[in-house]
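Participant: quick one, what's the 3D model for this:
(chains A and B)
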2 protein chains.
Amino acid sequence: MSKEYPFIKACWGQPTDYVPVWLMRQAGRYLQQYKDVRAQGGGTFLDLCKDPARAAEVTIQPIDLLNVDAAILFSDILTPIEPMGMALDFVPGPVFEKPIRTAADVDALIVPDDMAQAVPYVPEILKRLRVAFEGRVPLIGFGGAPFTLACYMVEGHGSKDFAALKQMMYADFPLYDALMKKITEMDRRYLNMQIEAGAQAIQIFDTWGGLLAPHDFERYILPYVKELINGLNRDGIPVIYFVKNGGTMLELVKEAGADVVGLDWHVNLGKARDILGPEVAVQGNLDPTVLYAPKPYIEKEVQRILDENAGRPGFIFNLGHGILPTVPPENAIHMVECVHRLSRK
Amino acid sequence: MSKEYPFIKACWGQPTDYVPVWLMRQAGRYLQQYKDVRAQGGGTFLDLCKDPARAAEVTIQPIDLLNVDAAILFSDILTPIEPMGMALDFVPGPVFEKPIRTAADVDALIVPDDMAQAVPYVPEILKRLRVAFEGRVPLIGFGGAPFTLACYMVEGHGSKDFAALKQMMYADFPLYDALMKKITEMDRRYLNMQIEAGAQAIQIFDTWGGLLAPHDFERYILPYVKELINGLNRDGIPVIYFVKNGGTMLELVKEAGADVVGLDWHVNLGKARDILGPEVAVQGNLDPTVLYAPKPYIEKEVQRILDENAGRPGFIFNLGHGILPTVPPENAIHMVECVHRLSRK
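Facilitator: As a prediction, the model looks like this:
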């Protein structure tokens, strides 16, 4: 069944009748319906992630409203870090009160044997969604890449440069390596648990991977993400690897071994495909701020990206990063409609 | 005289006995001496920019302490926007209380005939510095690129995506164009005034230019920055154009017509030079966080970048962005010493 979804076919590089499309962060604040559900239960963003009924509901909203070709688990990349022993809060950005700085901190980190038990709401949401979507759209599971998770765990919160992690990486490689190995193993178990719970594809978000120079990416990121991807139960399950600001080192991003490379808008999609070669599918890459533009402009931009792809199979349309919270929903709907209409053969 | 400075020779692509080096934001908070001078006068950061005696003093500090090969005017890219009629504050990030949003706002913007009169402290600082540095190091003047200035003027403050400007650009190109033309003309007069006051090179900072997709850079940035650079009194004065996150569109960055392209650390310097060709000098590109690393690591990274340059003339060593405020000064000193020692022929 899963094999017939245009999104899944595109992940495998197979031709599709039209270009499938979804939007990163498609369940989110730009939708009044999302804000309503969020407000209903009261509580924090994290409470919403942990409430399977409401989390499932906000996941379904953009499928109904936008007519996108895939659903993605509603969660946060940092939720699996809590059971590693780190209390997490959102204020509204993520905050770990006790960041990782020493060997003792790394030693104390737990890698749960059973991730389904550690974050029970995640498999519960996935199971509900599979029932809701069966035969309609495939369901993407996701996680943060080890480096991006480490950024928050070591800095303790968001940052422009995540200097604390980079300092550790440069000054004490064995400590960095020990930390990254623990995160990678947790991540492997976490994503495999999602596959077992029904995820039909996996996206790995390396939001901060582009903070590193290419040779540092090769040394400090690539070995761990390779190990992660190699360790997934990928039989029939395509893996997407998205590195924000990875456009200057696509050859290295490709080496991670994912089936699909996610592209941000800083690259020309056609040139990126030339570099990556036909054996890798791509996903991207409209500048999220284009959704503030008038509708004819959005259509023109969709056409430009389709032109850059030039009909090559293995293409999933998406934004180059998450949809922005103040985008008018009708513009997102229009974008999806344009992708379908303009790409249909 | 100016012609003999290694920094200036490198800007022109001429061979030098060693690779010249300076650091973006080298007069700054990482130096206790800077913080002392800043505290002395009380007042804000903007007050320091407007006090020629203290501004000159903080400019001189890194020349004495770090032994760098160039000095750069102490100022902020937004200071020339004040005389355009926009009240500016730093809290601590820059804030324009009344951002530009309408045609009336753009119409009301002033392009001062005499920039020396509009920001009298800028030529005054430059004149003092020329006296202080004559025969020792050359003096770089600078300004923000039109797009980067527009980002702040339209958003009103710093932002991750400067959506307000992008919205204007997409939705009302004539308004965007009118704004950009006014900024470009102000910028041209501002930088020519700096040359007249003694600046021996000009750096144009396009900190936010990399927010745009390559085809948008071509349409919305390149024409204005080309016009700006063409309009400078460049006789004997090299121009450096630095686009943060410009690594995926170096061909377009080169088209702006500067003598030197500033590179951030997201590119391999050798590959960037291959793309840019021998007719353009380059400046860069150590990851600023490497200055948190142990000294031997810093030395290794300096060597790596020198190796990537492979002895090509027309190379100025720098960080890939401004020095971070918590870097230990001894590490910056060490970096400069390594560049000089390892590159000397």
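Participant: so where's the longest helix in chain A?
Facilitator: Looking across chain A with DSSP state H, the single longest helix is helix A:173-196.
Participant: please state the offset of it from the chain centre?
Facilitator: 16 Å (CA atoms, centre = their mean, to the nearest Å).
Participant: quick check: buried residues in the following helix or strand past that helix?
Facilitator: Once the chain leaves helix A:173-196, the next helix or strand it forms, by DSSP states H and E, is strand A:201-206. Residues of strand A:201-206 classed as buried: A:201-206 (neighbour count, 16 or more other CB atoms under 10 Å in any protein chain shown). For every residue, glycine as well, the C-beta is placed using N, CA and C.
Participant: re earlier: name the helices or strands packed onto the longest helix of chain A?
Facilitator: For helix A:173-196, the packing partners by 3 or more CB pairs under 8 Å, 6 or more residues apart in numbering or on different chains; DSSP states H and E come out as helix A:103-108, helix A:115-118, helix A:121-133, strand A:139-144, helix A:146-155, helix A:163-171, strand A:201-206, helix A:222-230.
Participant: ok, the fifth one near chain B or not?
Facilitator: In other words, helix A:146-155. No. Helix A:146-155 stays clear of chain B (CB under 8 Å from any CB of the partner chain), getting no nearer than 11.8 Å.
Participant: what angle do that helix and helix A:222-230 make?
Facilitator: Interaxial angle, helix A:146-155 versus helix A:222-230 (axes from the mean of the first three to the mean of the last three CA atoms, to 10 degrees): 120 degrees.
Participant: what residues sit buried inside helix A:146-155?
Facilitator: For helix A:146-155, by 16+ other CB under 10 Å, it's A:146-155.
Participant: hmm, back to that, just give me the closest of the buried residues of strand A:201-206 to residue A:110.
Facilitator: Ranked by distance to residue A:110 (CB to CB), the buried residues of strand A:201-206 are led by residue A:204 at 21.5 Å.
Participant: closest to chain B out of the buried residues of strand A:201-206?
Facilitator: residue A:206 (14.0 Å; CB to the nearest CB).
Participant: quick check: end-to-end length of stretch A:256-265?
Facilitator: Stretch A:256-265 has an end-to-end distance of 20 Å (criterion: CA to CA, to the nearest Å).
Participant: run the chain-centre distance for that stretch.
Facilitator: 11 Å.
Participant: tell me the mean pLDDT for that stretch?
Facilitator: Averaged across stretch A:256-265, the pLDDT comes to 98.
Participant: stretch A:86-105 too?
Facilitator: Mean predicted confidence for stretch A:86-105 is 94.
Participant: list the buried residues of that stretch.
Facilitator: In stretch A:86-105, counting by 16+ other CB under 10 Å, buried: A:86, A:88, A:94-96, A:99-100, A:105.
Participant: then stretch A:164-183?
Facilitator: So for stretch A:164-183, counting by 16+ other CB under 10 Å, buried means A:164-170, A:175-176, A:179-183.
Participant: quick one: residues contacting whichever residue of the stretch 1-150 of chain A sits closest to chain B.
Facilitator: Distances between the stretch 1-150 of chain A and chain B by CB to the nearest CB are smallest at residue A:93, namely 11.7 Å. Contacts here follow CB atoms under 8 Å, 6 or more residues apart in numbering or on different chains; on that basis residue A:93 touches A:157-158.
Participant: kindly recompute the last result at 6 Å.
Facilitator: residue A:158 (CB atoms under 6 Å, 6 or more residues apart in numbering or on different chains).
Participant: can you tell me how far it is from residue B:234?
Facilitator: 45 Å (CB to CB, to the nearest Å).
Participant: what parts of chain A come near chain B?
Facilitator: Residues of chain A found near chain B (CB under 6 Å from any CB of the partner chain) are A:161, A:163, A:166-167, A:170-171, A:213-214, A:247-248, A:265-268, A:287, A:289, A:292-294, A:297.
Participant: pull out the buried residues from the residues you listed.
Facilitator: By neighbour count, with 16+ other CB under 10 Å, the residues of chain A next to chain B hold A:161, A:163, A:166-167, A:170, A:213-214, A:247-248, A:265-268, A:287, A:289, A:292-293 as buried.
Participant: apart from its neighbours in sequence, what residue is nearest residue A:324?
Facilitator: Closest residue to residue A:324 apart from its sequence neighbours, by CB to CB, 6 or more residues apart in numbering or on different chains: residue A:288 at 5.3 Å.
Participant: please name the bridge partners of the residue positioned nearest the centre of chain A.
Facilitator: The centroid of chain A falls nearest to residue A:205 when counting by CA atoms, centre = their mean (4.1 Å). Residue A:205 has these beta-bridge partners by DSSP bridges: residue A:144, residue A:242.
Participant: out of the buried residues of stretch A:86-105, which are inside strands?
Facilitator: A:88, A:94-96 (DSSP state E).
Participant: enumerate every residue touching the closest residue to residue A:11 other than its chain neighbours.
Facilitator: Leaving aside its chain neighbours, residue A:11 sits nearest to residue A:238 (3.5 Å; criterion: CB to CB, 6+ apart). Shown in contact with residue A:238 (CB under 6 Å, 6+ apart): A:11, A:201, A:259.
Participant: how near is residue A:238 to residue A:206?
Facilitator: 17 Å.
Participant: cool, residue A:176 as well?
Facilitator: For residue A:176 relative to residue A:206 (CB to CB), the value is 16 Å.
Participant: cool, and residue A:117?
Facilitator: 27 Å.
Participant: same check, this time on residue A:30
Facilitator: 24 Å.
Participant: cool, residue A:341 as well?
Facilitator: Applying CB to CB to residue A:341 and residue A:206 gives a distance of 32 Å.
Participant: try residue A:29
Facilitator: 23 Å.
Participant: and if you look at residue A:259?
Facilitator: Taken as CB to CB, the span from residue A:259 to residue A:206 is 16 Å.
Participant: what does residue A:113 give?
Facilitator: Using CB to CB, residue A:113 is found at 26 Å from residue A:206.
Participant: check residue A:309 too.
Facilitator: Going from residue A:309 to residue A:206 by CB to CB gives 23 Å.
Participant: and if you look at residue A:194?
Facilitator: 17 Å.
Participant: please apply the same query to residue A:308.
Facilitator: 23 Å.
Participant: same thing with residue A:34?
Facilitator: For residue A:34 relative to residue A:206 (CB to CB), the value is 25 Å.
Participant: list the buried residues of stretch A:51-69.
Facilitator: A:51-52, A:54-63, A:65-66, A:68-69.
Participant: ok, now stretch A:310-324?
Facilitator: Those would be A:314-324, for stretch A:310-324 by 16+ other CB under 10 Å.
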